[in-house]
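A.B. asks: sequence-free structure coming up:
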Ligand code: NAP
């Protein structure tokens, strides 16, 4: 069978972990495939699109997760809901868009033994936060509090989630909060799960946390979508407070594994994905010249 060709398109893409993860997943699946980085400069997506159709599939990262949609022939239900695509399957010249971040998020929680069906506090209302909010509501969370810098900007998301919950007969109380009020009132509330969907704490600004230790102290488990560094300030606060702390690399591995399933039907044992996660953290730390955590 000829080698299948896959790619990641985005800008910039040089430091992406995707080639490392996808190469290992293709090897584990026994699929002969190449996976290359396609750095598409701003304004050049239209001229790149015809070449993408000839691939077996591709991933999309910032800034093209929305911009790619007009070039596709079909979208799966979740990608249509989010208006965002990170995986495309090409078959017979037809390109279908999917989003696999939600699968990655659920994998990360499951592999740490954390239920997505508890009360949740979500920080941020951007792309990753939307996906995680959807999965939490869909999983049966009884309440979801979304904290945003400008809560009024998150109102359309709250409404969409409430409508989705209503259509599916799910009872989830969805509220909006400002970060300032969250800090003032944290002492009065408790959540099963705190989810960070903001980039706060991400390399190179690693010295900050989106919320204080007081807020972290009111949550049983903490998940941070940020994966670089693997232990963010937020996760350090969680660990020091004796909470279950789940890092974003597991989400990255889970979304990559789901992309493989879409492309070639492969499924990977949970233990293999956990091991891949540890390897990916080591690889990332190596490429950033960091020491391993003990
Ligand atoms: P995005 O669409 O730009 O959304 C970022 C969100 O964070 C927005 O709601 C933004 O609020 C908020 N925010 C930004 N800076 C903030 C600050 N200083 N304080 C409070 N809120 C702030 O970004 P994204 O694509 O969702 O990515 C968010 C993070 O998730 C990134 O670190 C990304 O690497 C990570 N991520 C990880 C995975 C994974 O697989 N682990 C997957 C996707 C994303 P405003 O609207 O007020 O700006």
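C.D. replies: Yep, it's here. A quick note: this is a predicted structure, and the numbers were derived from the prediction, not measured.

A.B. asks: Contact residues of this structure facing the ligand?
C.D. replies: 101, 104, 124-129, 148-150, 153, 197-200, 202, 210, 225-227, 248, 251-252, 255 (Cβ under 6 Å from any ligand atom). Backbone N, C-alpha and C define where each C-beta goes, glycine included.

A.B. asks: Buried subset of those as a PyMOL selection?
C.D. replies: PyMOL command restricting those to the buried ones, with burial defined by 16 or more other Cβ atoms under 10 Å:
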select buried, resi 101+104+124+125+127+128+129+148+197+198+200+202+210+225+226+227+248+251+252+255
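
A.B. asks: among the residues of the chain next to the ligand, which are in strands?
C.D. replies: In this view, the residues of the chain next to the ligand that belong to strands under DSSP state E are residue 148.

A.B. asks: Take the residues of the chain next to the ligand and keep only those in helices.
C.D. replies: Mapping the residues of the chain next to the ligand onto helices (DSSP state H) picks out 101, 104, 127-129, 251-252, 255.

A.B. asks: Farthest-apart pair in these, please.
C.D. replies: For those, the farthest-apart pair by Cβ to Cβ is 129 and 252; their separation is 16.0 Å.

A.B. asks: will you turn the ones in helices among the residues of the chain next to the ligand into CSV that also has distance to residue 33 and pLDDT?
C.D. replies: Putting those into CSV (distance: Cβ to Cβ, whole Å; pLDDT from 0 to 100) gives the following:
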residue, distance to residue 33, pLDDT
101, 22, 96
104, 20, 97
127, 27, 89
128, 27, 92
129, 32, 95
251, 23, 98
252, 19, 97
255, 18, 98
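
A.B. asks: residue contacts, the residue nearest to residue 10 when sequence neighbours are not counted?
C.D. replies: Setting aside the residues directly before and after it, residue 10 is nearest to residue 61 in space (Cβ to Cβ, 6 or more residues apart in numbering), at 3.5 Å. By Cβ atoms under 8 Å, 6 or more residues apart in numbering, residue 61 lies in contact with 8-10, 13, 16, 18, 86.

A.B. asks: where does residue 61 land on pLDDT?
C.D. replies: With respect to pLDDT, residue 61 has a value of 95.

A.B. asks: what's the distance between it and residue 190?
C.D. replies: Residue 61 is 36 Å from residue 190, where distance means Cβ to Cβ, to the nearest Å.

A.B. asks: ditto for residue 34
C.D. replies: Separation of residue 34 from residue 190 (Cβ to Cβ) stands at 49 Å.

A.B. asks: So between those two, which is more surrounded?
C.D. replies: residue 34 (15 against 12; other Cβ atoms under 10 Å).

A.B. asks: Which of the three states applies to the more buried one?
C.D. replies: What DSSP: H, G, I helix; E, B strand; the rest coil gives for residue 34 is strand.

A.B. asks: Could you check how far it is from residue 200?
C.D. replies: Here the criterion is Cβ to Cβ. By it, residue 34 lies 36 Å from residue 200.

A.B. asks: can you give me the helices for this protein?
C.D. replies: Assignment of helices within the chain using DSSP H yields the ranges 18-29, 45-52, 77-82, 101-111, 127-139, 155-167, 179-185, 213-216, 233-240, 249-264, 270-287.

A.B. asks: what would those helices look like in a markdown table with distance to residue 118?
C.D. replies: Converted to a markdown table, these look like this (distance: least, Cβ to Cβ, whole Å):
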| stretch | distance to residue 118 |
| --- | --- |
| helix 18-29 | 29 |
| helix 45-52 | 40 |
| helix 77-82 | 22 |
| helix 101-111 | 10 |
| helix 127-139 | 9 |
| helix 155-167 | 16 |
| helix 179-185 | 18 |
| helix 213-216 | 16 |
| helix 233-240 | 15 |
| helix 249-264 | 18 |
| helix 270-287 | 21 |
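
A.B. asks: Could you report the pLDDT at the closest residue to the ligand within the stretch 101-250 of the chain?
C.D. replies: In the stretch 101-250 of the chain, the residue found nearest to the ligand is residue 126; the distance is 1.8 Å by Cβ to the nearest ligand atom. Looking at residue 126, its pLDDT reads 91.

A.B. asks: Excluding chain neighbours, what is closest to it?
C.D. replies: Ranked by Cβ to Cβ, 6+ apart and with sequence neighbours excluded, the top spatial neighbour of residue 126 is residue 197, at 6.4 Å.

A.B. asks: who's in contact with that neighbour?
C.D. replies: By Cβ under 8 Å, 6+ apart, residue 197 lies in contact with 122-126, 128-129, 132-133, 225.

A.B. asks: If we use 6 Å, what do you get?
C.D. replies: 122-124, 128-129, 132, 225 (Cβ atoms under 6 Å, 6 or more residues apart in numbering).

A.B. asks: This completes my enquiry, with thanks.
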